[in-house]
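Undergrad: Sequence and predicted structure, then a few things I'm wondering about:
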Amino acid sequence: MDHWEKAKIKLESLRGLKENWDSYGATAIVPGAVDRAAKLLDVLKDAGYSCPAVVPSNTGGVVFEWDEPETDNEWDIRVESCI
């Protein structure tokens, strides 16, 4: 199993995180954020990026993290509601 497959499995596991999953009042992970992050993982892989670490956000989204020698990056993937 490569890093990308492990990232997808981790991403799917975030769907099970419910309200207060961190015991500090975190919002449940929004399924749409997981869906959007899964599509973005595919795009990143196809574009030749290194595989990010996948972690939950306490605001209901998904965070991609890269800890590279020259730089650290975080992308916060959320689904915003529009009326």
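TA: Yes, it's here. Numbers count the residues shown, from 1 in each chain.
Undergrad: Return the list of helices and strands in contact with whichever helix in the chain runs longest.
TA: Counting by DSSP state H, the longest helix found in the chain is helix 31-46. Where contact means 3 or more C-beta pairs under 8 Å, 6 or more residues apart in numbering; DSSP states H and E, helix 31-46 is packed against helix 3-13, strand 62-67, strand 72-77. (Glycine included, C-beta is placed from N, CA and C.)
Undergrad: Below-threshold pLDDT in this protein: ranges please.
TA: When residues are selected by pLDDT under 70, those of the chain lie in 81-83.
Undergrad: Spatially central residue for it, please.
TA: residue 62 (3.2 Å; C-alpha atoms, centre = their mean).
Undergrad: Which strand or helix spans residue 18?
TA: For residue 18, there is no helix or strand it lies in under DSSP states H and E.
Undergrad: what about it, how many neighbours?
TA: Residue 18 is flanked by 10 other residues according to other C-beta atoms under 10 Å.
Undergrad: now do the one 3 residues further on
TA: Residues contacting residue 21 under the criterion other C-beta under 10 Å number 16.
Undergrad: What of residue 12?
TA: Counted with other C-beta under 10 Å, residue 12 comes out at 12.
Undergrad: Wait, it touches residue 34, no?
TA: Yes: judged on C-beta atoms under 8 Å, residue 12 makes contact with residue 34 at a distance of 7.1 Å.
Undergrad: Can you tell me which of the helices and strands packed on helix 31-46 is nearest to residue 28?
TA: strand 62-67 (12.4 Å; C-beta to C-beta).
Undergrad: Just want the angle from that closest one to helix 31-46.
TA: Strand 62-67 runs at 30 degrees relative to helix 31-46, counting by axes from the mean of the first three to the mean of the last three C-alpha atoms, to 10 degrees.
Undergrad: tell me which residues in strand 62-67 are buried?
TA: Neighbour counts using 16 or more other C-beta atoms under 10 Å place 62-64 of strand 62-67 among the buried residues.
Undergrad: repeat for stretch 19-38
TA: 21, 26-27, 29-30, 33-34, 36-38.
Undergrad: so can I have CSV of these showing distance to residue 80?
TA: Converted to CSV, the buried residues of stretch 19-38 look like this (distance: C-beta to C-beta, whole Å):
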residue, distance to residue 80
21, 21
26, 18
27, 13
29, 15
30, 10
33, 10
34, 15
36, 11
37, 14
38, 18
